[in-house]
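Student: missing the sequence, but the structure's below:
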């Protein structure tokens, strides 16, 4: 099989597939850092839900409508964040595919 020819008989060299590869020994640290980040995101989601519920309760208890609105909005944002936490990796994986070029 002959390689593709650009012009004037010069062969066009096209790499078939180039895939990203981490240096040896790095994957353990990447997994640890990723785990810490994911744990932090989950912790922040839980804290935000608790703070939002607290704002809602304080707003209702003391008759502060603004705090009640902020509490409800906080719960909604936390739920949307949890949905994005589940959906976003699938979207990124769909866009990037295997990460290979070619």
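Tutor: Nice, I can see it. Quick caveat, the model's predicted, so the values are computed rather than measured.
Student: pLDDT averaged over the helix ranked longest in the chain - what is it?
Tutor: Scanning the chain for the longest helix, with DSSP state H as the assignment, gives helix 27-62. Mean pLDDT, helix 27-62: 95.
Student: Could you do stretch 66-81 as well?
Tutor: On average, the pLDDT along stretch 66-81 is 95.
Student: about what we covered before: next one: the helix or strand following the longest helix of the chain to chain centre, how far?
Tutor: The first helix or strand that comes after helix 27-62 along the chain, using DSSP states H and E, is helix 65-96. Mean-position distance between helix 65-96 and its chain equals 12 Å (Cα atoms, centre = their mean, to the nearest Å).
Student: list the buried ones in helix 65-96?
Tutor: By neighbour count on 16 or more other Cβ atoms under 10 Å, the buried set for helix 65-96 is 67, 68, 70, 71, 74, 75, 78, 82. Heads up, the C-betas are built off the backbone N, CA and C, glycines and all.
Student: now swap in stretch 40-58 and tell me
Tutor: 45, 48, 49, 52, 55, 56.
Student: closest to residue 101 among those?
Tutor: residue 45 (34.6 Å; Cβ to Cβ).
Student: In this structure the closest one contacts residue 82, no?
Tutor: Yes: Residue 45 lies in contact with residue 82 (Cβ atoms under 8 Å); the separation is 5.8 Å.
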